[in-house]
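*Asks:* fold the following and give me the result.
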Amino acid sequence: MCGSGCRPGTCAGRCSTSSSCLTFRRSRTATAATGGAAYPPASLIALLLYCYSKGVRSSRRIEQACWDDVGCRIITANRRVDHSTVARFVRRHRAALNLLFVHVLSLCGRRGLVDLSAVAVDGSPMEANASRDANQRLQHLEETVSQCEKEIHALMEEAVRHARAVESDGSAQGDDEDVCDNWPRLSRLCDRLNRAHLARDRLHERALPSPTEIRIKVEAAERMVARAEKRLAAETEAHQEKLKKYEDRVREDRAAGRRGANGRPPVPMEHKTVLVRQRTRLVKMRAWLERVCTPRPAPSPQSRACLSDPDSRLIPGKRGGYLQGYNIQIV
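*Replies:* All right, here's what the predicted structure looks like:
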């Protein structure tokens, strides 16, 4: 099979890989005079293309895939291709396979199926101006925030009291220096409180699921809600039909002079067990969908954030060990 999907012998002159197909047809793979029956080259090419597209490049893994992969079993007609056969086929037809892969890639590029631009990504750890000992857990960060708020409140109260004392009695001017000494401390406390808030926010941001994970969960929740609504509608319609048939039978019996329909009347809509169960299930599914659409991150008790530099993290170093820094990504 060529890169355009043509069968062997039918693509001459009609696709860019016809020369590769002719090369494989002239090979001695299908004309061996000794040994067992050879595998068709088209099947082996299709097997290689399928496995390579899935990231399976080892000949032994390709052999194993002929057992547990449905696509490989369809290509090989439910036969197990030995790894040595795959390796010899690739080694013998390496030049033709390279040409075929280039033709297939160029054909996919012309049709817009793949992007032929090359993207190289490199990451390098960069040390930050922060200490490793400044990493704190969420509980300790909460305690730091509470302590800073209490101290700031106490300093502000002391400043207000001093200002009122100065206004009421002008003789209290000797304590101005003591009050002024509190302003640098107040500035340091405000800075520490701000960094503690940032570190706590970083822990919550890191616990937030990725957009792809959120999208997958939202799609699954929407499917469950739609299924619950469909089931509830079907059960409601079936029970309404049952109630209608009972009412028609009662009406016919009374018109005929009988007391009423035989048998026990159906359960009302609000007391039907199946409908109550389906309504409860629908409420749960809608609540789950709402939680998934608006996730609330819950940081792990063991997660840490740096109080000196909340944007830095504890990452592995190039020469072993860990350092407090950033992972610089170069594209």
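*Asks:* backbone phi and psi for D122, please?
*Replies:* phi -130, psi 140 (degrees, to the nearest 10).
*Asks:* how close does the residue nearest to it when sequence neighbours are not counted sit to A134?
*Replies:* Taking CB to CB, 6 or more residues apart in numbering, and ignoring the residues beside it in sequence, D122 has I330 as its nearest neighbour in space, at 4.7 Å. In short, each C-beta sits where N, CA and C put it, glycine included. According to CB to CB, to the nearest Å, I330 stands 27 Å off from A134.
*Asks:* hmm, A221 and W288 touching each other?
*Replies:* Yes. Look at W288 against A221 with CB atoms under 8 Å: they come within range, at 5.4 Å.
*Asks:* neighbour-wise, which of those two wins?
*Replies:* A221 (19 against 15; other CB atoms under 10 Å).
*Asks:* quickly note the distance from the more buried one to N182.
*Replies:* Distance check for A221 against N182: by CB to CB, it reads 54 Å.
*Asks:* A46 is in contact with C72, isn't it?
*Replies:* No. With contact defined as CB under 8 Å, A46 does not count as touching C72 (9.5 Å).
*Asks:* sorry, back to before: look at the residue nearest to D122 and report its pLDDT.
*Replies:* In the prediction, the pLDDT value recorded for I330 is 75.
*Asks:* in the helix or strand containing M126, what counts as buried?
*Replies:* Element membership for M126 (DSSP states H and E) is strand 122-127. Within strand 122-127, the residues scored as buried using 16 or more other CB atoms under 10 Å are P125.
*Asks:* circling back to that earlier point, doesn't S124 make contact with the residue nearest to D122?
*Replies:* Yes. Applying CB under 8 Å, one finds I330 in contact with S124, separated by 7.1 Å.
*Asks:* quick one: pLDDT of S19?
*Replies:* Model confidence at S19, given as pLDDT, is 45.
*Asks:* so where's the longest helix in this structure?
*Replies:* Secondary structure of the chain per DSSP state H: the longest helix is helix 211-255.
*Asks:* for the stretch 101-250 of the chain, give me the ranges with low pLDDT.
*Replies:* The model of the stretch 101-250 of the chain has pLDDT under 70 over residues 116, 118, 170-181.
*Asks:* what secondary structure does L314 sit in?
*Replies:* What DSSP: H, G, I helix; E, B strand; the rest coil gives for L314 is strand.
*Asks:* next one: the helix or strand that contains F101 to chain centre, how far?
*Replies:* Element membership for F101 (DSSP H and E) is helix 94-110. Distance, stretch centre to chain centre, for helix 94-110: 33 Å (CA atoms, centre = their mean, to the nearest Å).
*Asks:* got it, and stretch 84-91?
*Replies:* For stretch 84-91 - counting by CA atoms, centre = their mean - the centre lies 38 Å from the chain centre.
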